[in-house]
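A.B. asks: Here is a sequence with its predicted model. Questions after.
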There are 2 protein chains.
Amino acid sequence: MFKLIKKDEKTKARLGSIETSRGKIDSPFFMPVGTNGTVKSLTFEDLLGFDSQIILSNTYHLFLRPGMDVIRNAGGLHRFINWQRPILTDSGGYQVFSLTKFRKISEEGVEFRSHIDGSMCFFTPEEVIKIEGIIGSDIIMPLDVCAPYPCERKEAELSVSRTYNWARRSKDYFMSSQVDSRAQKLFGIIQGATYKDLRIRSAEEIMSVGFDGYAIGGVSVGEPVEEMFNALNWVMPLLPEDKPRYFMGIGLPDQIVKAVSQGIDMFDTCIPTRYGRHGTALTSKGKYIVRNAEYINSTGPIDENCDCRVCKKYSLSFIRHLLNVGEILGLHMVSYHNVYFYVNLMRRIRAALAEGRFNEFKDKFLAEYGSELK
Amino acid sequence: MFKLIKKDEKTKARLGSIETSRGKIDSPFFMPVGTNGTVKSLTFEDLLGFDSQIILSNTYHLFLRPGMDVIRNAGGLHRFINWQRPILTDSGGYQVFSLTKFRKISEEGVEFRSHIDGSMCFFTPEEVIKIEGIIGSDIIMPLDVCAPYPCERKEAELSVSRTYNWARRSKDYFMSSQVDSRAQKLFGIIQGATYKDLRIRSAEEIMSVGFDGYAIGGVSVGEPVEEMFNALNWVMPLLPEDKPRYFMGIGLPDQIVKAVSQGIDMFDTCIPTRYGRHGTALTSKGKYIVRNAEYINSTGPIDENCDCRVCKKYSLSFIRHLLNVGEILGLHMVSYHNVYFYVNLMRRIRAALAEGRFNEFKDKFLAEYGSELK
């Protein structure tokens, strides 16, 4: 599935590609988040227009609304939303642990109350794989137990052991239920909270089950950035070179560049769309609030170094006005720029890797962005 | 300014064109409403994509936000919003009378409290023309006194006489202040509420001042459809053939087709975008609520007879889901279809007029739409 094209000489960054039944994805890449089957405030024409290779959607959300009957009737998620490129679905483990008021975890699975209508639901590892089969996403994540931050060692241990047991059950169910084993790719998720030995143990356990790719989960749950990179650095040396590596839910632009330099291939985060909806632009020179009064007469673009449709055509002054009067076009424009910035950042990273100048690119990017990361 | 190309033989409909300094507009035409300098939930690329010839914006709203300093700094509204095609601006008379809690009308002008921050403002006919000069719109409407519905005769009389006095002052100020008299076109607005003699008197008074086009105002203020068409029919025989005729704030698709058959050339209404945001689709077979449960598994488009981007690509089932989970893409898709439907309806009307089959088109459209109009 994963083809390693080139290893950077000065960092651990890698240029590669992932083969899916819906086409090849050049790595490292970013997956715009389309929780409900739509990347918030963007059209699919926007995503195709700037050549987003893949989007991410969410099993938990799609299960609740529109529900599996609707998606099955449409012939799967791709047909339902009319997006023919690859889709990765998160299992919803993170959502069950962060969105639902009531949840009861047992070895069997997790019982939870829908955050929409309060109805009781029960997810088992097998059920989640089954749901993702109906969704028909190209890369699927198994149900895991996402530990919070901060987290007592005992809870972190339980998260690791359950995640391992559920990973085995997921793999077993996946292997027995897939008609065509090439149609979907199943990833494993590493947990372990902020404990080095638990992270290492989880990585070894998950690798022993054997997956098409490995994800570092239980990060971006409120921990300091240093802890987030610890979770990464502890397990990266253990992961096989011939499988893609996914840093789940990460991160700000400088964190992505840093994580690429540590060997990560795949990213997702709702930051560009969430920041966009709140009028915060992410640019090559860091982030700023477009609504600030100082931009009232700024006739220049959101980002002078950006060649997106919005930056080529519309002024900060106009976009600020749109946000100020509560017009959808304003939050669309900032979201569009932000998602473009992420997708294009990955393109720039891949070009730098291909041309053997990634380390210089990284240093220059982090300096210009005003990052505290090294 | 107005060129009459062809008169329909069986109705009073006319095919024509309006010349502005930013290009020719084929008539009859519809102006998507961009109150705050944006057609709600659409991009300018959308509008250009389906060839909207013109948009409408609002003096009152732009005066309050972003304010004239910002628009002057940008070099006018066209540059501010980066839309190079014609723009018509309403004067804000209607808004002053319908949106503001406090207003005090005198012969001099109207004092009102901003619906945004409660600050006191004062509009005179001269001030409004001056503001529209800064905005730089291609067709400008003067300040008028919009009578409500229902309206006592005495109030309607005062509305007619003030509108006449203000029309003269607007014309005088316009003639003395315009550097290039061809750059902007000034229309006159006819008032008179639901009184036939007052409508006729207003039309004669406004025509005596002399304008580039004539608008029937004080309609779509809550009156029955019959009264709305009365206001139209009473004055249409009086209006000169060589000037465009604008039915302000009208209407539903069948009302537009009907008004074209009575000789109207120009339309605007926020119906397609407002209905779109609330999930109501306007189609060749009438309107319906996309969120209704019956469409949960409808794999067909919003409108089987529509060739817009949304109808060609996305199912009712998906759009219903998007509206149901509160995603912007859902209301964008319905709004996009609705505005396209209006713009395309005018294109179909013009084609029918050009080919001498407008009367048949009208009868077929009204029947298929399920209209009660004849």
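C.D. replies: Here it is on my side, so go on. Numbering: from 1, shown residues only, chains lettered A, B, ... in the order given.
A.B. asks: Can you tell me how far whatever residue of the stretch 151-300 of chain A ends up closest to chain B is from residue B:75?
C.D. replies: Taking CB to the nearest CB, chain B has its nearest neighbour within the stretch 151-300 of chain A at residue A:297, 4.7 Å off. All C-beta spots, glycine's among them, are computed from the backbone N, C-alpha and C. To residue B:75, residue A:297 is 11 Å away according to CB to CB, to the nearest Å.
A.B. asks: So the two - more neighbours on which side?
C.D. replies: residue A:297 (15 against 11; other CB atoms under 10 Å in any protein chain shown).
A.B. asks: Flag every residue of the stretch 1-150 of chain A that's near chain B.
C.D. replies: A:36-38, A:40-45, A:61, A:65-66, A:69-70, A:73-74, A:80-82 (CB under 8 Å from any CB of the partner chain).
A.B. asks: now with 6 Å?
C.D. replies: A:36, A:38, A:41, A:65, A:66, A:73, A:80, A:81, A:82 (CB under 6 Å from any CB of the partner chain).
A.B. asks: what's the pLDDT at residue A:103?
C.D. replies: As predicted, residue A:103 sits at a pLDDT of 89.
A.B. asks: what's the answer for the one 10 residues further on, then?
C.D. replies: According to the per-residue confidence, residue A:113 scores 91 in pLDDT.
A.B. asks: now swap in residue A:182 and tell me
C.D. replies: On the pLDDT scale, residue A:182 gets 63.
A.B. asks: And for the one 5 residues further on?
C.D. replies: Residue A:187 is assigned a predicted lDDT (pLDDT) of 98.
A.B. asks: Likewise for residue A:100?
C.D. replies: According to the model, residue A:100 scores 74 on pLDDT.
A.B. asks: Could you tell me how many residues sit around it?
C.D. replies: 18.
A.B. asks: same thing with residue A:282?
C.D. replies: 24.
A.B. asks: surely it meets residue A:341?
C.D. replies: Yes: Residue A:282 lies in contact with residue A:341 (CB atoms under 6 Å); the separation is 5.4 Å.
A.B. asks: Which residue would you name as the spatial centre of chain A?
C.D. replies: residue A:268 (1.9 Å; CA atoms, centre = their mean).
A.B. asks: Can you point out the buried residues in the helix or strand of chain A with the lowest mean pLDDT?
C.D. replies: The weakest-scoring helix or strand in chain A, judged by mean pLDDT, DSSP states H and E, is helix A:93-99 (a mean of 84). For helix A:93-99, the neighbour count (16 or more other CB atoms under 10 Å in any protein chain shown) marks A:93, A:94, A:95, A:96, A:97, A:99 as buried.
A.B. asks: Reduced to three states, what does residue A:63 come out as?
C.D. replies: With DSSP: H, G, I helix; E, B strand; the rest coil as the basis, residue A:63 sits in helix.
A.B. asks: Need the per-residue pLDDT for the nearest residue to it once chain neighbours are set aside.
C.D. replies: Once flanking residues are discounted, residue A:63 sits nearest to residue A:131: 5.7 Å by CB to CB, 6 or more residues apart in numbering or on different chains. Predicted confidence (pLDDT) for residue A:131: 96.
A.B. asks: Using the three-state scheme, assign residue A:131.
C.D. replies: Residue A:131 ends up helix, using three-state DSSP.
A.B. asks: Show residues contacting stretch A:285-304.
C.D. replies: A:279-281, A:283, A:311, A:315-317, A:319-320, A:323, A:334, A:337, A:368-370, B:73 (CB atoms under 6 Å, 6 or more residues apart in numbering or on different chains).
A.B. asks: Equivalent analysis for stretch A:122-132, please.
C.D. replies: So stretch A:122-132 is contacted by A:59, A:63, A:89, A:91, A:109-111, A:140, A:143, A:166, A:169-170, A:173-174 (CB under 6 Å, 6+ apart).
A.B. asks: still on that earlier bit, mind checking how far the residue nearest to residue A:63 is from residue A:76?
C.D. replies: Distance from residue A:131 to residue A:76, by CB to CB: 12 Å.
A.B. asks: any chance of the contacts of stretch A:122-132 in a markdown table, plus neighbour count, secondary structure and distance to residue A:224?
C.D. replies: As requested, the contacts of stretch A:122-132 are exported to a markdown table (neighbours: other CB atoms under 10 Å in any protein chain shown; DSSP: H, G, I helix; E, B strand; the rest coil; distance: CB to CB, whole Å):
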| residue | neighbour count | secondary structure | distance to residue A:224 |
| --- | --- | --- | --- |
| A:59 | 28 | helix | 29 |
| A:63 | 22 | helix | 33 |
| A:89 | 24 | strand | 29 |
| A:91 | 27 | coil | 26 |
| A:109 | 20 | coil | 32 |
| A:110 | 23 | strand | 28 |
| A:111 | 17 | strand | 32 |
| A:140 | 25 | strand | 30 |
| A:143 | 29 | coil | 27 |
| A:166 | 25 | helix | 28 |
| A:169 | 21 | helix | 33 |
| A:170 | 29 | helix | 31 |
| A:173 | 20 | helix | 36 |
| A:174 | 23 | helix | 35 |
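A.B. asks: quick one on the thing from earlier: was I right to think the residue nearest to the centre of chain A contacts residue A:31?
C.D. replies: Yes: using CB under 6 Å, residue A:268 makes contact with residue A:31 at a distance of 4.2 Å.
A.B. asks: which residues are in contact with both of those two?
C.D. replies: In contact with both residue A:268 and residue A:31: residue A:56, using CB under 6 Å, 6+ apart.
A.B. asks: that older thread, what about residue A:131 and residue A:76, which has more around it?
C.D. replies: residue A:131 (22 against 16).
A.B. asks: circling back: from the contacts of stretch A:285-304, which would you call buried?
C.D. replies: A:279-281, A:283, A:311, A:315-317, A:319-320, A:323, A:334, A:337, A:369, B:73.
A.B. asks: which regions of the stretch 101-250 of chain A lie under the pLDDT threshold?
C.D. replies: A:179-182 (pLDDT under 70).
A.B. asks: and the residue of it found nearest chain B, how far is that from residue A:81?
C.D. replies: Nearest to chain B in the stretch 101-250 of chain A, going by CB to the nearest CB, is residue A:116, at a distance of 8.7 Å. Per CB to CB, residue A:116 is found 19 Å from residue A:81.
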